[in-house]
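K.L.:
Give the three-dimensional model of this entry:
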Amino acid sequence: MRLPLALLAAAVCAPAQPLAITHFTLIDTETGRARPDIPVIIAGDRITGVTDARRARIPAGAQVIDGRGKFLIPGLWDMHVHLVFGDWFPNAQAISLPLFVANGVTGVRDMGSELAIVRAMAQGD
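P.N.:
Got it, this is the predicted structure:
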């Protein structure tokens, strides 16, 4: 199983059982250091725990994925996007946000899409 797909599936599908991804190397953006052997606990559609392996509490019944050799970084931001703008990008409304997430971008700053469509997207329509 490829780890990025596992993270995406966990975020999108919100599994009933908790997910624990263990032995990651976390890139700490506050200190600039790489922190090895960090478990990440995901419950539903939320990350509920990121701590060192000695203090980690893996929930009973959690699916455990070994993240050895993988790295975890905070979500990236794209500060200049056009989510929906005319018809030059077919199905943009349906696929643009999932494409960002699949590539690690969890926040965007829209610089001029059609406002009514973006508002509908924000409301889940």
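K.L.:
Give me the three-state assignment for the closest residue to Ala56 other than its chain neighbours.
P.N.:
Distance criterion Cβ to Cβ, 6 or more residues apart in numbering; nearest residue to Ala56, sequence neighbours excluded, is Pro39 at 4.3 Å. From N, CA and C alone the C-beta is placed, and that goes for glycine too. Counting by DSSP: H, G, I helix; E, B strand; the rest coil, the backbone at Pro39 sits in strand.
K.L.:
same thing with the one 3 residues further on?
P.N.:
Remark: Ile42 carries the secondary structure label strand [criterion: three-state DSSP].
K.L.:
rewinding a little: how much space separates the residue nearest to Ala56 from Phe24?
P.N.:
For Pro39, the distance to Phe24 equals 7 Å [Cβ to Cβ, to the nearest Å].
K.L.:
How about Ala43: what's its closest non-neighbour residue?
P.N.:
Pro18 (4.7 Å).
K.L.:
My error: substitute Arg35 in the last question.
P.N.:
Per Cβ to Cβ, 6+ apart, closest to Arg35 is Leu26, 4.4 Å.
K.L.:
what about dumping the CA coordinates of stretch 116-124 to PDB?
P.N.:
Taking C-alpha atoms only, stretch 116-124 is exported to PDB below (Å, rounded to 0.1, in the frame of the first residue of the first chain):
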ATOM      1  CA  ALA A 116     -21.300  31.800  -7.200                       C
ATOM      2  CA  ILE A 117     -19.700  28.400  -8.000                       C
ATOM      3  CA  VAL A 118     -17.000  28.800  -5.300                       C
ATOM      4  CA  ARG A 119     -19.700  29.700  -2.700                       C
ATOM      5  CA  ALA A 120     -21.700  26.600  -3.700                       C
ATOM      6  CA  MET A 121     -18.500  24.500  -3.300                       C
ATOM      7  CA  ALA A 122     -17.900  25.900   0.100                       C
ATOM      8  CA  GLN A 123     -21.400  25.000   1.200                       C
ATOM      9  CA  GLY A 124     -21.100  21.500  -0.100                       C
END
